[in-house]
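K.L.:
turn this into a model:
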Amino acid sequence: MSAADSGNTGRRAGGGGGTARRFLIVTADDFGIHEAVNEAVSQAASGGILTAASLMVGAPAAQDAVRRARDLPQLRVGLHLVLADGLAVLPREQIPDLIDSQGRFGDGMWLDGVRYFALPALRRQLEAEIRAQFAAFARTGLVLDHVNAHKHFHLHPTLLGMIVRVGREFGMTAVRVPHEPLWYATRGGNVGAMAAATFLKPWVALMKARLRAAGIAHNDQVFGLASTGQFDEATLLDVLGRLPAGVTEIYLHPATDTGAPITETMSEYRHSAELEALLSERVADAVAATGARRGGFRDFALA
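P.N.:
The predicted structure follows:
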């Protein structure tokens with residue numbers, strides 16, 4: 001079921017207008033990767049429109065992120081599973097075929113996806129790491145709002161099956177589905193984004209079907225794939241001006257200015273512009289104008 005299908009959240013709004021209800025989740029990904037990200041989350045949750053954050057439990061600044069989250073009871077925190085391009089939780093001795101000598105997953109997701117599908121030994125190691133990350137989140141004492149994966153690797157059917165199986169043991173109730181409306185992916189003639197959206201369509205459909213079968217809630221659509229690291233005020237206003245019915249998640253990668261890239265793969269990200277957008281009064285007014293109910297995944301999945 002989608003989050004909009006659960007409980008009473010999928011009903012039409014009352015009154016004479018008859019318009020479909022809107023629910024809005026605004027999420028910061030990579031919570032814990034750097035203190036500059038954590039500080040941006042604190043600012044945007046306290047004085048902006050941010051309602052949720054996705055925590056990387058094995059990242060260098062994860063403890064700082066957890067401390068901040070405890071001081072922000074309005075912030076809904078989920079697990080941002082790292083299974084590519086990041087640090088694992090388990091030592092290399094336990095998952096030798098997954099990580100390098102520095103304890104990092106590689107970023108060759110296509111090849112790794114084939115390996116995970118074909119090799120049982122790798123799947124056992126992968127499930128052990130997934131379980132370890134869920135357990136690490138549980139030890140924080142934070143309520144698990146949602147689950148997603150770094151670079152949306154949970155689209156992979158093998159990984160998704162493991163996440164559903166393990167996640168339910170840890171109280172997982174909602175998962176992000178990276179389903180971005182085609183009008184957004186193709187705006188400005190972005191051929192690459194259009195191709196990606198078309199390629200992902202069958203995988204997204206399969207993902208939704210499997211989550212429904214497992215009784216796991218999910219968003220109806222997401223915005224952020226085609227503008228990763230570039231979600232400035234104008235882009236956010238554009239999305240809010242055309243906010244669809246149902247449960248919409250907008251995810252960003254805000255950070256305060258560090259003077260250098262947070263990671264090599266984020267060298268082109270406009271972290272500060274995204275933070276400014278989250279704190280913008282114009283954006284706050286646009287959110288209010290949508291009439292959307294706001295919160296995290298659990299606010300809708302358990303309504």
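K.L.:
name the element R67 belongs to?
P.N.:
helix 62-70 (DSSP states H and E).
K.L.:
what's the neighbour count on the residue nearest to A273 when sequence neighbours are not counted?
P.N.:
Nearest residue to A273, sequence neighbours excluded (C-beta to C-beta, 6 or more residues apart in numbering): D232, at 4.4 Å. C-beta: built from backbone N, CA, C; applies to glycine. A count of nearby residues for D232, using other C-beta atoms under 10 Å, gives 16.
K.L.:
equivalent analysis for P73, please.
P.N.:
When neighbours are counted by other C-beta under 10 Å, P73 registers 9.
K.L.:
there's contact between the residue nearest to A273 and H271 in this structure, I believe.
P.N.:
No - D232 is not in contact with H271 according to C-beta atoms under 8 Å; the separation is 10.9 Å.
K.L.:
any residues in contact with both of the two?
P.N.:
Common neighbours of D232 and H271 are not found (criterion: C-beta atoms under 8 Å, 6 or more residues apart in numbering).
K.L.:
can I assume E249 sits in a helix?
P.N.:
No - going by DSSP: H, G, I helix; E, B strand; the rest coil, the assignment for E249 is strand, not a helix.
K.L.:
mind listing the strands for this structure?
P.N.:
Per DSSP state E, the chain carries strands over the ranges 22-31, 52-55, 76-81, 86-87, 104-105, 144-149, 174-175, 217-218, 221-223, 246-252, 293-294.
K.L.:
so the spatially closest residue to W203 that is not a sequence neighbour versus G58, what's the distance?
P.N.:
Once flanking residues are discounted, W203 sits nearest to L155: 5.0 Å by C-beta to C-beta, 6+ apart. Distance of L155 to G58, given as C-beta to C-beta, to the nearest Å: 21 Å.
K.L.:
which one of those two has more residues nearby?
P.N.:
More crowded of L155 and G58, by other C-beta under 10 Å: G58, with 21 against 18.
K.L.:
surely T158 meets R124?
P.N.:
No - contact criterion C-beta under 8 Å: T158 and R124 do not qualify, at 11.9 Å.
K.L.:
before we move on, back to that, give the contact list for the residue nearest to W203.
P.N.:
Per C-beta under 8 Å, 6+ apart, neighbours of L155: 178, 200, 203-204, 207.
K.L.:
just the helices in the stretch 201-303 of the chain please.
P.N.:
Counting by DSSP state H, counting those that start in this stretch, the stretch 201-303 of the chain has these helices, from start to end: 233-241, 271-279, 281-290, 297-301.
K.L.:
export those as a markdown table, with columns for mean pLDDT, mean neighbour count and distance to A53.
P.N.:
Supplementary listing: the helices of the stretch 201-303 of the chain in a markdown table, determined by pLDDT from 0 to 100; neighbours: other C-beta atoms under 10 Å; distance: least, C-beta to C-beta, whole Å:
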| stretch | mean pLDDT | mean neighbour count | distance to A53 |
| --- | --- | --- | --- |
| helix 233-241 | 96 | 18 | 17 |
| helix 271-279 | 96 | 22 | 11 |
| helix 281-290 | 98 | 15 | 17 |
| helix 297-301 | 88 | 24 | 12 |
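K.L.:
looking at those, spot the one closest to I33.
P.N.:
Closest of the helices of the stretch 201-303 of the chain to I33 is helix 271-279, at 10.9 Å (criterion: C-beta to C-beta).
K.L.:
what's the angle between that closest one and strand 246-252?
P.N.:
Going by axes from the mean of the first three to the mean of the last three C-alpha atoms, to 10 degrees, helix 271-279 is angled at 140 degrees with respect to strand 246-252.
K.L.:
next up, the contacts around the residue nearest to G167 when sequence neighbours are not counted.
P.N.:
Leaving aside its sequence neighbours, G167 sits nearest to V147 (C-beta to C-beta, 6+ apart; 5.6 Å). Applying C-beta under 8 Å, 6+ apart, we find V147 in contact with 78-79, 81, 154, 163, 167, 172, 174-176.
K.L.:
again, only this time at 10 Å
P.N.:
By C-beta atoms under 10 Å, 6 or more residues apart in numbering, the contact set of V147 is 54, 78-81, 130, 133-134, 137, 154, 163-164, 166-167, 170, 172-176, 216, 297.
K.L.:
select only the buried ones of those residues in PyMOL?
P.N.:
In PyMOL syntax, the buried subset of the contacts of V147 is picked out as below (16 or more other C-beta atoms under 10 Å):
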select buried, resi 54+78+79+80+81+130+133+134+137+154+163+164+166+167+172+173+174+175+176+216+297
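K.L.:
what's opposite the residue nearest the centre of the chain in the beta bridge?
P.N.:
For the chain, the residue nearest the mean C-alpha position is N148 (5.0 Å; C-alpha atoms, centre = their mean). Taking DSSP bridges as the rule, N148 bridges to H80.
K.L.:
was I right to think it contacts V222?
P.N.:
Yes - counting by C-beta atoms under 10 Å, V222 is a contact partner of N148 at 9.5 Å.
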